[in-house]
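Visitor: Please work out how this folds:
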Amino acid sequence: MKELVYAHDPMCSWCWAFAPSWEKIQRELPTGLAVRTLLGGLAPDSAEPMPEPLQQHLQGIWRQIMSHVPGTQFNFDFWTDCTPRRSTWPACRAMIVAGQQQPGCSARMSAAIQQAYYLDAQNPSDDSTLIALAESLALDPEAFAAALHSDDVRAEHNRQMEQCRSLGMQGFPSLALVSDGNAQRVALDHNNADVTLNHLRQLI
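Guide: Prediction:
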């Protein structure tokens, strides 16, 4: 069976910009093609505030994305209202826990994290933000909090990151068509989902 693998991180700003195209791609996939998502993870757990030069660099990326992908919005209040940390793995684990506690909820958690981070100026590097999002999705906040840093959830995230590496998916977002253990990179365009859909039809 052929499957389309999507590697991403919910706190990856380019993944946020790609979200509308990804939704269209999933709606219009060739018949019979399965989809598997992998959480690559940009930055490990850290309690340290993000250095000012890195904050400025990431704000520059946000502006670049707004110019390159029209319609993508960012709330720059995040950089003054929150204490930014270079730590995205907790948000990745939150998606895993959400999917374990409620089938199909992983994607909803991803959307909630992106809404909180990019539009509502909340910090998904903070456990408190992730737990509040879980509660908003009708998950048990206490069970969610207990699982967020558990060994089994960390192991699952490590497994997904290793799968990304084994498939050669280093940057995010990335797409690959996998068949019989062989992976072929799939083209993507943040402004045109048809680039991916047409490439898939050629590969299949």
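Visitor: Look up how far His199 lies from His57.
Guide: Distance, His57 to His199, using C-beta to C-beta, to the nearest Å: 31 Å. Yep, even glycine has a C-beta here, placed from its N, CA and C like the rest.
Visitor: of the two, who's got more company?
Guide: The residue with more neighbours, out of His57 and His199, is His199; 18 against 11, by other C-beta atoms under 10 Å.
Visitor: Could you check how far the lowest-mean-pLDDT helix or strand in the chain is from the centre of its chain?
Guide: In the chain, no helix or strand scores lower on mean pLDDT, DSSP states H and E than strand 182-185, which sits at a mean of 94. Taking C-alpha atoms, centre = their mean, to the nearest Å, one finds the center of strand 182-185 at 20 Å from the center of the full chain.
Visitor: partners of it, with directions?
Guide: strand 174-179 (antiparallel) (DSSP bridges).
Visitor: now Leu29: how far from Glu3?
Guide: 10 Å.
Visitor: Next, show the common contact partners of the two.
Guide: Val35 (C-beta atoms under 8 Å, 6 or more residues apart in numbering).
Visitor: For Gly71, pull up the helix or strand it's in.
Guide: Of the helices and strands defined by DSSP states H and E, none includes Gly71.
Visitor: in a helix, that's where Thr80 is, yeah?
Guide: Yes - counting by DSSP: H, G, I helix; E, B strand; the rest coil, Thr80 is found in a helix.
Visitor: how close does it get to Ala121?
Guide: Counting by C-beta to C-beta, the gap from Thr80 to Ala121 is 8 Å.
Visitor: Looking at those two, which is more packed in?
Guide: The neighbour comparison of Thr80 against Ala121 (other C-beta under 10 Å) goes to Ala121, with 16 against 8.
Visitor: ok, that one - contacts?
Guide: Contacts of Ala121 by C-beta under 8 Å, 6+ apart are 75, 77-78, 81-82.
Visitor: Ok, Asp127 next?
Guide: 90, 145, 148.
Visitor: residues in contact with Val35?
Guide: The neighbours of Val35, taking C-beta under 8 Å, 6+ apart as the test, are 3-6, 26, 29.
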